[in-house]
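A.B. asks: sequence? don't have it. structure:
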């Protein structure tokens, strides 16, 4: 049996919509508003997240970068982020000339620790970028209070958390700007793609220019921007996938619930949901001893168990810093993500459980 960790779900609807784009030969546009399907996708995302505006871009990284441009984060500024995340979070900051400042995590859900955050704030701190990792929800109540106290902006890295809610409010909407990814492995895919949501009209107008070389009407560059546009083929995929998101999330939640029951007697740390949080179960992540050995054994049995961020950002060769982030180091050595994507069957879940029981016993 082969059970991949995540796989894009491409059905007839997606194929037909992409075929229509190719037939129309409307592959992209430099119009400020974006192409027809870009606009349709933006409308669906704004409606789903209950945001006033959505701006589609060509990756989650581009969304983070555009958010930093929009808030005028620049050289000499510091942006606080967890080190336990994908490197794109840090790269987006460096790309605008600013400095990432690494914060430790809380072990309960692998997201930024507000207590350590307080210690890392300086006069140069201009923004906080919490990451809703694995689809978990960051401690936004505490982080927002810290940001208000110090007059610091928040950009939510919600690239992994589309559909996650806290008190029935969507992740990515607890700050001025929330950033999402539609990478191939995410809960909905555009192949490559990303988006931002906001309720701020001035930021919306600015972001439309930022994604299009700073232009409003043709060659009239008004702000610094890049080509961050989402092609129509990608938007066609994202548009169809957004309509299926509730179904995808329901299946992920069902699979995670079953797996939690099946694995409840194992000597591992299972994922859970904080009070008020409804997780999208992008990644079902356990923590265990002898992680690397267990991962290899599971892979040999056809189970696509994966250790995401086994090297935290602050320990990568480019960012190499001698920092004390003990819980980040613990997570990097211990976490293991197990497949719960919508294509995993109940038989597959039982196979995963039986395999884990045999290996851990």
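C.D. replies: Okay, I see it. Here the structure is a predicted model, which is why all the values come from computation and not from measurement.

A.B. asks: roughly how far is stretch 190-200 from the heart of the chain?
C.D. replies: Counting by C-alpha atoms, centre = their mean, to the nearest Å, stretch 190-200 is centred 11 Å from the centre of its parent chain.

A.B. asks: which residues in the stretch 1-150 of the chain form strands?
C.D. replies: Using DSSP state E, counting those that start in this stretch, the strands of the stretch 1-150 of the chain run over residues 53-57, 78-82, 99-103, 105-106, 111-112, 125-128.

A.B. asks: including distance to residue 254, could the ones you listed go into TSV?
C.D. replies: To be clear about C-beta, it is placed using only N, CA and C from the backbone, and glycine gets the same treatment. Below are those laid out as TSV (distance: least, C-beta to C-beta, whole Å):
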stretch	distance to residue 254
strand 53-57	28
strand 78-82	29
strand 99-103	34
strand 105-106	27
strand 111-112	24
strand 125-128	34
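
A.B. asks: I'd like those strands as CSV, with distance to residue 251 and mean pLDDT appended.
C.D. replies: Supplementary listing: those in CSV, determined by distance: least, C-beta to C-beta, whole Å; pLDDT from 0 to 100:
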stretch, distance to residue 251, mean pLDDT
strand 53-57, 25, 98
strand 78-82, 28, 98
strand 99-103, 33, 98
strand 105-106, 28, 98
strand 111-112, 24, 98
strand 125-128, 33, 98
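
A.B. asks: do you know which of those lies nearest residue 163?
C.D. replies: Taking C-beta to C-beta, strand 53-57 is the member of the strands of the stretch 1-150 of the chain nearest to residue 163, at 14.6 Å.

A.B. asks: quick one: the most centrally placed residue in the chain from residue 266, how far?
C.D. replies: Closest residue to the average C-alpha location of the chain: residue 159 at 1.9 Å, with C-alpha atoms, centre = their mean. Look at residue 159 and residue 266: by C-beta to C-beta, to the nearest Å, they are 30 Å apart.

A.B. asks: of all the strands of the stretch 1-150 of the chain, which one comes closest to residue 214?
C.D. replies: Checking the strands of the stretch 1-150 of the chain against residue 214 by C-beta to C-beta gives strand 53-57 as the closest, at 14.0 Å.

A.B. asks: mind checking how far the closest one is from the chain centre?
C.D. replies: 15 Å.

A.B. asks: kindly report the same for stretch 110-125.
C.D. replies: Distance, stretch centre to chain centre, for stretch 110-125: 20 Å (C-alpha atoms, centre = their mean).

A.B. asks: hmm, residue 242 is touching residue 43, no?
C.D. replies: No - in this structure, residue 242 is not within contact of residue 43 by C-beta atoms under 8 Å, at 9.4 Å.

A.B. asks: these two - which one has more neighbours?
C.D. replies: Between residue 242 and residue 43, counted using other C-beta atoms under 10 Å, the more crowded position is residue 242 (21 against 13).

A.B. asks: quick check: which element contains that one?
C.D. replies: helix 232-262 (DSSP states H and E).

A.B. asks: same thing with residue 331?
C.D. replies: Judged by DSSP H and E, residue 331 forms part of helix 326-334.

A.B. asks: which elements pack onto that helix?
C.D. replies: Identification of packing neighbours for helix 326-334 by 3 or more C-beta pairs under 8 Å, 6 or more residues apart in numbering; DSSP states H and E yields strand 105-106.

A.B. asks: show me what the strand it packs on pairs with in its sheet, parallel or antiparallel.
C.D. replies: strand 111-112 (antiparallel) (DSSP bridges).

A.B. asks: quick one: residues in contact with the strand it pairs with.
C.D. replies: 80-82, 103, 105-106, 128, 130-133, 136-139, 143 (C-beta atoms under 8 Å, 6 or more residues apart in numbering).

A.B. asks: change it to 10 Å
C.D. replies: Strand 111-112 is contacted from outside by 80-85, 103-106, 128-134, 136-140, 142-143, 157, 161, 274, using C-beta atoms under 10 Å, 6 or more residues apart in numbering.

A.B. asks: stretch 348-361 now?
C.D. replies: Outside stretch 348-361, the residues that touch it by C-beta under 10 Å, 6+ apart are 1-3, 254-259, 261-268, 284, 286, 288-290, 293-294, 297-298, 300-305, 336, 338-341, 344-345.

A.B. asks: sort out for me which of these are in helices.
C.D. replies: Members of those lying in helices (criterion: DSSP state H): 254-259, 261-262, 293-294, 297-298, 300.
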